[in-house]
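# Structure for this input, please:
(2 chains)
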Amino acid sequence: MNNHWMRRQRGLGYVFIGPSMIGVLLFFLIPAAYSLGLVFTDYKFMNPKVGFVGLDNITRMLHDKLFYLSLKNTVLFLVAVPLSIALGFVVAVILNQRIYLKKLLRALYFMPYITSGVAVAFVWMLLFQPKQGPINGFLRGIGIEHPPGWLSTTASSMFAIDIIWIWFLMGYNMIIYLAALQEVSPELLEAAKIDGARAGQLLRKIIWPLVSPTTFLLLVTGMIMTIKTFGIIQATTQGGPGNSTTILSLYVYQNAFRYYDMGYAATISWALFIIILIITVIQWIGQKRWVHY
Amino acid sequence: MELQKRLLAGTPGRLMVTLIMLALAIVMVMPFLWMISTSLKTPTEVFKYPIEWIPAHPTWEHHLKVWTGPKSFGTYYLNSLKIALIGMAGATFLSAFAAYGFARIEFKGRNALFMLYLSMMMIPPQVLFVPKFIMFEWAGIYNTHLALILPGLFTIFGVFMLRQFFLSIPHEISESAFIDGAGHFRIFFRLILPLAKPALATLAIIDFSWQWNDYENALVFLIDERLYTIPLGLQNFILENTVDYNGMMAAASAGIIPMIVVFAIGQRYIIQGLTNSAVKG
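Model prediction:
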């Protein structure tokens, strides 16, 4: 009897994960399969005629200048990730020292990450206003006569987006580093101090290698998250000026819901998936090879 | 004696570092301060330089404009609250339910299913937008709140995070309940859920903030202005009032201040949850 009871109880596993699995099926797996199918069609919204076009969408993508431009912009966007990690590390190391107001400081640095959404993108839009905005007002105040046009020129727009993104991500990286630093044993640091290691050496040769798993994790998750996002760009520049901030994820959105060219949009979205897949594979290999445990 | 000397010697240094870090932290939150300050100013004061952080002639007129009139933020607020609250409650419960299955019941194919589950995190939302749009249109839920609420009930991150937590609960607890004749349902509701309250709170807060800030899904799935959530309402406001900078910042405040309050209250939970899932994941 006991055996039977146990077996029945095991079967309950499917009941527990069931509802969630239905969700995964309906909102992830089926749409993903559907999307893969769309790659081979010329499906356009409101157009009843759908034709099978074979690899046409893929060929088109590989010859699409805007696709390559948005790929390049995506890379420029990704630059924000390592920079925000470096800043997060520095702030975490300092906050980990014996200083006052630790909790308040931690909360203030972390605030952009949790409160941010489009709302804050609109605030940045005004802060970056080239002629009268407070940032350029400040720059002129300290003697820079021709401050950058930030979001309004093709040369600086991606750079301005990166600043917003670094500001947004930094606090998260700091929080994760702070947790990782708690795991660095104080005895080890004491021993190093007795050996006469200077602060710089301590940081470079002991702390940095010890938190390398965290750095790696932040790099990978940060990049994946950055690749998936387009909200702040849609809200601030809509990809402009002159497509200078059109990143891949936004390009998918534009093709799908501005031009209703949905087969082509699906094709680009899978290019996005391949990039994420590559990063994930690098993570698998990298975790074994490059991370010091 | 020695200790006292060290403490005294350390204090000016500690104070210095604290002050520098505080100054930088204020730079970090400056966009928020500027937003609030601008929302209370008169139009001519917006871009005055040097910045007047405390407005000389504070006015509530812009906040009133945002909250009253034909396109009041009240509607957007209720819409956002409805979607975020239902999504949060549903996602937290369903995640806990699935996480229990993955963490504490050994059934056939469990690990394979969990891997499948995790692999869904690799699919960018952009892959899903078009098919979801077509499917929702077909099912008649496109341009309704259900288009946001239903997918919002399922969070892979949530299942992952709670599974980590459930794995850390000692197995003896459920074993002794088993011997007393309790089944998985009773163990889940009576034992595990009460123990997991902090983890559930963490997920609930994080999920709420995601749903509240969600702009991309709302952009794709809602057209009707009456259905708009805060981010869309905000965008609309800005498109229609391109030169009303004070109004824009009053509108942005309406979206951001609730999150600052949620953050202030739930800070501990949020930080704990994010670090647990990252460091131990």
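
# what's the longest helix in the chain?
Just so you know, I chose chain A. Longest helix in chain A by number of residues, with DSSP state H as the criterion: helix A:262-289.

# that's the wrong chain, I wanted chain B
helix B:2-39.

# what's that one packed up against?
Counting contacts by 3 or more Cβ pairs under 8 Å, 6 or more residues apart in numbering or on different chains; DSSP states H and E, helix B:2-39 packs against helix A:80-95, helix A:102-115, helix A:118-127, helix A:157-182, helix B:245-279. Where C-beta positions appear, they are placed from N, C-alpha and C, glycine not excepted.

# which parts of stretch A:47-57 are buried?
Counting neighbours by 16 or more other Cβ atoms under 10 Å in any protein chain shown, one finds that the buried residues in stretch A:47-57 are A:Val53, A:Asp56, A:Asn57.

# Surely the second one and A:Asp42 touch.
By that I understand A:Asp56. Yes: look at A:Asp56 against A:Asp42 with Cβ atoms under 8 Å: they come within range, at 7.4 Å.

# could you list every residue that touches the closest residue to B:Ser72 other than its chain neighbours?
Spatial nearest neighbour of B:Ser72, chain neighbours left out: B:Val66 (7.6 Å); criterion: Cβ to Cβ, 6 or more residues apart in numbering or on different chains. Each residue near B:Val66 by Cβ atoms under 8 Å, 6 or more residues apart in numbering or on different chains is listed here: B:Ser72, B:Phe73, B:Phe237, B:Gly247, B:Ala250, B:Ala251, B:Ala254.

# now do 10 Å
Residues in contact with B:Val66 (Cβ atoms under 10 Å, 6 or more residues apart in numbering or on different chains) are B:39, B:72-74, B:76, B:233-234, B:237, B:241, B:246-254.

# domain assignment for the chain?
Using chain A. A:2-56, A:59-289 (automatic domain parsing).

# You answered for a different chain; I wanted chain B.
Taking automatic domain parsing as the domain assignment, the ranges for chain B are B:2-59, B:64-279.

# Quick one, which of the contacts of B:Val66 are buried?
Among the contacts of B:Val66, those scoring as buried are B:39, B:73, B:76, B:233-234, B:237, B:241, B:246-254 (criterion: 16+ other Cβ under 10 Å).

# Closest to chain A out of these?
B:Ala252 (4.6 Å; Cβ to the nearest Cβ).

# how about the closest one, what does it touch?
When contacts are counted by Cβ under 10 Å, 6+ apart, B:Ala252 touches A:117-123, A:125-126, B:31-32, B:35-36, B:38-39, B:66, B:230, B:234, B:237-238.

# Flag the shaky bits of chain B, pLDDT-wise.
Chain B contains residues with pLDDT under 70 at B:1-10, B:277-281.

# Nearest residue to the middle of it?
Residue closest to the mean C-alpha point of chain B, counted by Cα atoms, centre = their mean, is B:Ser209 at 1.4 Å.

# looking at the domains of chain B, which is buried most?
domain B:64-279 (a mean of 19; mean count of other Cβ atoms under 10 Å in any protein chain shown).

# gap between that one and the chain center?
Here the centre of domain B:64-279 is set off from its chain's centre by 7 Å, with Cα atoms, centre = their mean, to the nearest Å.

# Mind checking what secondary structure the spatially closest residue to A:Ile279 that is not a sequence neighbour has?
The spatial neighbour of A:Ile279 that comes closest, neighbours along the chain excluded (Cβ to Cβ, 6+ apart), is A:Met223 at 5.6 Å. Look at A:Met223: counting by DSSP: H, G, I helix; E, B strand; the rest coil, its state is helix.

# Return the distance of stretch A:94-101 from the chain's centre.
The answer for stretch A:94-101 is 28 Å, by Cα atoms, centre = their mean.

# For that stretch, measure first residue to last.
Stretch A:94-101 stretches 12 Å from its first residue to its last (Cα to Cα, to the nearest Å).

# Residues touching it, excluding its own?
So stretch A:94-101 is contacted by A:102-103, A:105-109, A:174-175, A:177-178, A:180-182, A:184, A:207, B:7, B:10-11, B:13-22, B:24-25 (Cβ under 10 Å, 6+ apart).

# could you redo the last one with a cut-off of 6 Å?
Outside stretch A:94-101, the residues that touch it by Cβ atoms under 6 Å, 6 or more residues apart in numbering or on different chains are A:Lys102, A:Leu105, A:Leu181, B:Arg14, B:Val17, B:Thr18.

# Give me the mean pLDDT for that stretch.
For stretch A:94-101, the mean pLDDT works out to 85.

# If you count neighbours, what's buried in that stretch?
A:Ile94, A:Leu95, A:Asn96, A:Ile99.

# Among those, which one lies nearest to chain B?
Of all the buried residues of stretch A:94-101, A:Ile99 has the smallest distance to chain B: 4.6 Å, by Cβ to the nearest Cβ.

# doesn't the closest one fall inside a strand?
No: counting by three-state DSSP, A:Ile99 is not part of a strand but coil.

# Distance check, it against B:Pro12.
Counting by Cβ to Cβ, to the nearest Å, the gap from A:Ile99 to B:Pro12 is 12 Å.

# could you point out which element follows the lowest-mean-pLDDT helix or strand in chain A?
Using mean pLDDT, DSSP states H and E, helix A:186-194 stands out as the lowest-scoring helix or strand of chain A, at a mean of 72. Per DSSP states H and E, the first helix or strand lying C-terminal to helix A:186-194 is helix A:199-201.

# Off-centre distance for the very next helix or strand once past that following helix?
Downstream of helix A:199-201, the next assigned helix or strand under DSSP H and E is helix A:208-210. The chain centre lies 23 Å from the centre of helix A:208-210; the measure is Cα atoms, centre = their mean.

# same question for helix A:208-210, mean pLDDT?
85.

# check whether it contacts chain B.
No: using Cβ under 6 Å from any Cβ of the partner chain, helix A:208-210 stays clear of chain B, coming no nearer than 12.7 Å.

# residues of that helix that come out buried?
A:Leu210.

# quick revisit: now the longest helix of chain A: average pLDDT?
Helix A:262-289 shows a mean pLDDT of 89.

# nearest to B:Thr59, of the contacts of stretch A:94-101?
A:Leu105 (32.8 Å; Cβ to Cβ).

# which ones are touching the closest one?
By Cβ under 6 Å, 6+ apart, the contact set of A:Leu105 is A:Leu95, B:Met21, B:Ala25.

# Between those residues, which sits nearest A:Ala155?
Nearest to A:Ala155 among these, counting by Cβ to Cβ, is B:Ala25 at 30.9 Å.

# Verify the stated contact: that closest one with A:Phe110.
No: using Cβ atoms under 6 Å, B:Ala25 is not in contact with A:Phe110; the gap is 9.9 Å.

# Show me which residues of the stretch 151-293 of chain A sit near chain B.
Within the stretch 151-293 of chain A, the positions near chain B by Cβ under 6 Å from any Cβ are A:175-176, A:179-180, A:228, A:231, A:249, A:252, A:256, A:262, A:265-266, A:269, A:272-273, A:276, A:280.

# which element is the residue positioned nearest the centre of chain A on?
The centre of chain A sits closest to A:Thr226, judged by Cα atoms, centre = their mean, with a distance of 2.1 Å. Element membership for A:Thr226 (DSSP H and E) is helix A:212-228.

# Equivalent analysis for A:Gly13, please.
helix A:2-24.

# So which bits of that helix are buried?
The neighbour-count check on helix A:2-24 (16+ other Cβ under 10 Å) flags A:Gln9, A:Leu12, A:Gly13, A:Tyr14, A:Phe16, A:Ile17, A:Pro19, A:Ser20, A:Met21, A:Gly23, A:Val24 as buried.

# could you pick out which of those are near chain B?
With Cβ under 6 Å from any Cβ as the criterion, the buried residues of helix A:2-24 include A:Gln9, A:Leu12, A:Gly13, A:Phe16, A:Ile17, A:Pro19, A:Ser20, A:Gly23 near chain B.

# Model confidence for the second one, exactly?
Predicted confidence (pLDDT) for A:Leu12: 88.

# Does it touch B:Phe185 like I think?
No: counting by Cβ under 6 Å, A:Leu12 does not reach B:Phe185; the two are 7.4 Å apart.

# Good, wrapping up.
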